[in-house]
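S.K.: based on what follows, work out the 3D shape:
(one chain, ligands or ions: 2)
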Amino acid sequence: FCQTLLQTVFPPELRFALAKLFNKISHWFSSYCYFDITEIDGVNTNELYNAVQLYLSSSVSTSVSGSHSRLSLTRAVNSSAVTFGLSNNDSILDVFNGVTVVWEHVVTQRQTQTFSWRPLPEEKRGFTLRIRKRYKSLILNSYLDFIMERAGDIRRKNQDRHLYTNSRGGSLDSRGHPWESVPFKHPSTFETLAMDPIKKTKLMEDLNDFANGEKFYQKTGRAWKRGYLLYGPPGTGKSSMIAAMANYLGYDIYDLELTEVHTNSELRKLLMKTSSKSIIVIEDIDCSINLTNRKKNHGPMHSRNVNSSNCYDAAAAAAEQMRGEGDGNVGGNSITLSGLLNFTDGLWSCCGSERIFVFTTNHIEKLDPALLRSGRMDLHIFMSYCSFPALKILLRNYLGCKADDLDGDVLRDLESVVDEAEMTPADVSEVLIKNRRDRDRAVRELLETLKVRAEKNKRRKKRSKKQSMSEEEEEEEEEEEQEKRALESPNGKEGFSFGGQFEKSCEKVENDHEEEEEKEEEEDKKEK
Ligand SMILES: Nc1ncnc2c1ncn2[C@@H]1O[C@H](COP(=O)(O)OP(=O)(O)OP(=O)(O)O)[C@@H](O)[C@H]1O
Ligand SMILES: [Mg+2]
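M.R.: Ligands and ions are numbered 1, 2, ... in the order given. Alright, predicted model coming up:
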């Protein structure tokens, strides 16, 4: 009634001024201050609104059995979790640093829309935060930061991981993004990963330290990133470990296909478009480097004094980078080792934080030392053939049986042959999957396979040992013969003998001299 009276009696300007004055007076006398966080800020979505909603959803869900009898439930696209929310015009208390605040979810009908390029929702939603005035400055900034951080964590936990790939070969999507993504649903976890438990625990501790190490990295002036090199034969669980890492930390994975990247600057752009809290993976790094090498030989570098019998002197590129020569872009259309090193280690690697680089390879010996030096790849993890502790994990995973469930003799047999057999966890898994309906048959067949493989390996090792022994013997015989020849030769100096190589070079020098003398004589004859 007052409002209609005001509207009829007073002009709008005066009404507005009166309302402002009234607000000011009530504000002076109130011991609280209020902050409105609306869902839509002008035309943009207010990030803080979404963050508050997520943050409150976690505290509301814990108090479901309490005073709240009506809650809203949401499930986002690509999310496997349900989030709780406050219903319209409901309020909730929250405590931060010992200070109590009140959040109210305010929903009002939006007035009839004027023309807009982007249609706005019919409801106007927002949160109102009520804080005692004296605590305003104490908690406002840190409280909002805290809320943003918590919301990020909840979002990551709720949302399924994403697996990004650059297989589009440098072209961009409609939003200018070079990465394509699919929901990442790999079920591998550290629980299911079969490897030495001590190594596993160490790695998990390392990951924890990394994820919680923001302050440490800041204090020490290091970029917040970490590099792991996983190496070992095919089928030992390198890719499975990457999936386990992503699931453990809740990070996205960027699977970088180096063969699809044409220039160093493209590589840099890809890096810039990766998000924080992610794992950047380059699988089979030795193969990717070879590709670069091949190109390098065709490029201008080929004219340099590079040993052409070797496909590429990667160390030269590393040295080039150490000297800071250019960006290492050879011929303008190929990535180089120095480009890759810059990618992982240079200034550009820090555009974003909390990132893990993982390289995998089957042949660590083929990698350039520049890639392996500490600081670049912080941890080198060897994924070995199936060991006994790893075997026990696989038995548990596939047959659902603990070591104690098996017959003691069988277990001992398994333990005695597993190392000799040099079977990969992938091979062991195959045997177990095939017989997973019959546990006894699975174990029996596994034991047989392991024994056969162990026997085979023994024979192979014996053969190669024999081979190397006979080669050694041959070499020794040859040396002895050469020594004999040296003693029997008329030019031989008694009591002295030089290595075969040296003798050969002496013979060669003498022969060369003779040839030269003959040539000179012929020329003399011709002149005459
Ligand atoms: N350590 C392991 N623990 C559990 N499962 C494993 C392990 N290693 C291999 N496997 C099984 O074998 C399959 C192949 O393993 P994975 O792809 O991880 O091997 P990889 O080391 O990445 O091989 P490659 O070098 O060929 O890429 C996986 O699907 C997984 O089920
Ligand atoms: Mg792999």
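S.K.: what helices or strands is the helix or strand encompassing Tyr143 leaning on?
M.R.: Assessed by DSSP states H and E, Tyr143 sits inside helix 136-158. Identification of packing neighbours for helix 136-158 by 3 or more CB pairs under 8 Å, 6 or more residues apart in numbering; DSSP states H and E yields helix 47-62, strand 91-96, strand 99-109. Just so you know, the C-beta spots here come from the backbone N, C-alpha and C atoms, and that holds for glycine as well.
S.K.: so which of the ones you listed gets nearest Pro369?
M.R.: Closest of the helices and strands packed on helix 136-158 to Pro369 is helix 47-62, at 45.1 Å (criterion: CB to CB).
S.K.: chain center to the following helix or strand past the closest one, what's the gap?
M.R.: In the C-terminal direction, the helix or strand that comes right after helix 47-62 (DSSP H and E) is strand 71-74. Strand 71-74 sits 35 Å away from the centroid of its parent chain (CA atoms, centre = their mean, to the nearest Å).
S.K.: ok so, going back, for the helix holding Tyr143, what is the average pLDDT?
M.R.: The average of the pLDDT scores along helix 136-158 is 82.
S.K.: over to stretch 363-375?
M.R.: 82.
S.K.: re the thing from before, buried residues, the helix holding Tyr143. List them.
M.R.: Buried positions in helix 136-158, judged by neighbour count with 16 or more other CB atoms under 10 Å: Ile139, Tyr143, Leu144, Ile147, Met148, Arg150, Ala151, Ile154, Arg155, Asn158.
S.K.: and the longest helix for this protein?
M.R.: helix 439-488 (DSSP state H).
S.K.: can I get the helices and strands packed on helix 136-158 in CSV with distance to ligand 2, mean pLDDT and mean neighbour count?
M.R.: Formatted as CSV, the helices and strands packed on helix 136-158 follow (distance: least, CB to the ion, whole Å; pLDDT from 0 to 100; neighbours: other CB atoms under 10 Å):
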stretch, distance to ligand 2, mean pLDDT, mean neighbour count
helix 47-62, 35, 79, 18
strand 91-96, 45, 86, 14
strand 99-109, 47, 86, 15
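S.K.: picking that back up, now do the longest helix of the chain: which elements does it pack against?
M.R.: On a contact count with 3+ CB pairs under 8 Å, 6+ apart, helix 439-488 meets helix 388-399, helix 408-421, helix 425-434, helix 500-527.
S.K.: quick one, domains of this structure?
M.R.: By the assignment in automatic domain parsing, the chain contains the domains 1-30, 32-112+119-159, 162-296+311-382, 388-459.
S.K.: make a markdown table out of these and add distance to ligand 1.
M.R.: Listed next are the domains of the chain as a markdown table, based on distance: least, CB to the nearest ligand atom, whole Å:
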| stretch | distance to ligand 1 |
| --- | --- |
| domain 1-30 | 62 |
| domain 32-112+119-159 | 22 |
| domain 162-296+311-382 | 3 |
| domain 388-459 | 3 |
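S.K.: from what I see, Met423 and Ser387 are in contact.
M.R.: No: judged on CB atoms under 8 Å, Met423 makes no contact with Ser387 at a distance of 10.4 Å.
S.K.: okay, the two: which has more neighbours?
M.R.: The residue with more neighbours, out of Met423 and Ser387 and counting by other CB atoms under 10 Å, is Met423; that gives 24 against 17.
S.K.: which residues of this protein lie near ligand 2?
M.R.: Contact residues (CB under 5 Å from the ion) of the chain with ligand 2: Lys238, Ser239.
S.K.: so what's the residue in the chain that ligand 2 sits nearest to up against?
M.R.: Closest contact between the chain and ligand 2, by CB to the ion, is at Ser239 (3.3 Å). Ser239 sits next to Glu283, Thr360 when contact means CB atoms under 8 Å, 6 or more residues apart in numbering.
S.K.: can you state the direction angle for the host helix or strand of it and helix 136-158?
M.R.: Ser239 is part of helix 238-249 when elements are defined by DSSP H and E. Regarding helix 238-249 and helix 136-158, their directions subtend 150 degrees when assessed with axes from the mean of the first three to the mean of the last three CA atoms, to 10 degrees.
S.K.: next one: helix 238-249 to chain centre, how far?
M.R.: Its chain's C-alpha centre and that of helix 238-249 lie 9 Å apart, by CA atoms, centre = their mean.
S.K.: just the C-alphas of it, formatted as PDB.
M.R.: Extracted in PDB, the C-alpha atoms of helix 238-249 (Å, rounded to 0.1, in the frame of the first residue of the first chain):
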ATOM      1  CA  LYS A 238      53.300 -47.300 -18.600                       C
ATOM      2  CA  SER A 239      50.000 -46.000 -20.100                       C
ATOM      3  CA  SER A 240      48.000 -47.700 -17.300                       C
ATOM      4  CA  MET A 241      50.200 -45.700 -14.800                       C
ATOM      5  CA  ILE A 242      49.400 -42.400 -16.500                       C
ATOM      6  CA  ALA A 243      45.700 -43.200 -16.300                       C
ATOM      7  CA  ALA A 244      46.100 -44.100 -12.600                       C
ATOM      8  CA  MET A 245      47.900 -40.800 -12.000                       C
ATOM      9  CA  ALA A 246      45.100 -38.800 -13.600                       C
ATOM     10  CA  ASN A 247      42.500 -40.600 -11.600                       C
ATOM     11  CA  TYR A 248      44.400 -40.300  -8.400                       C
ATOM     12  CA  LEU A 249      45.000 -36.500  -8.700                       C
END
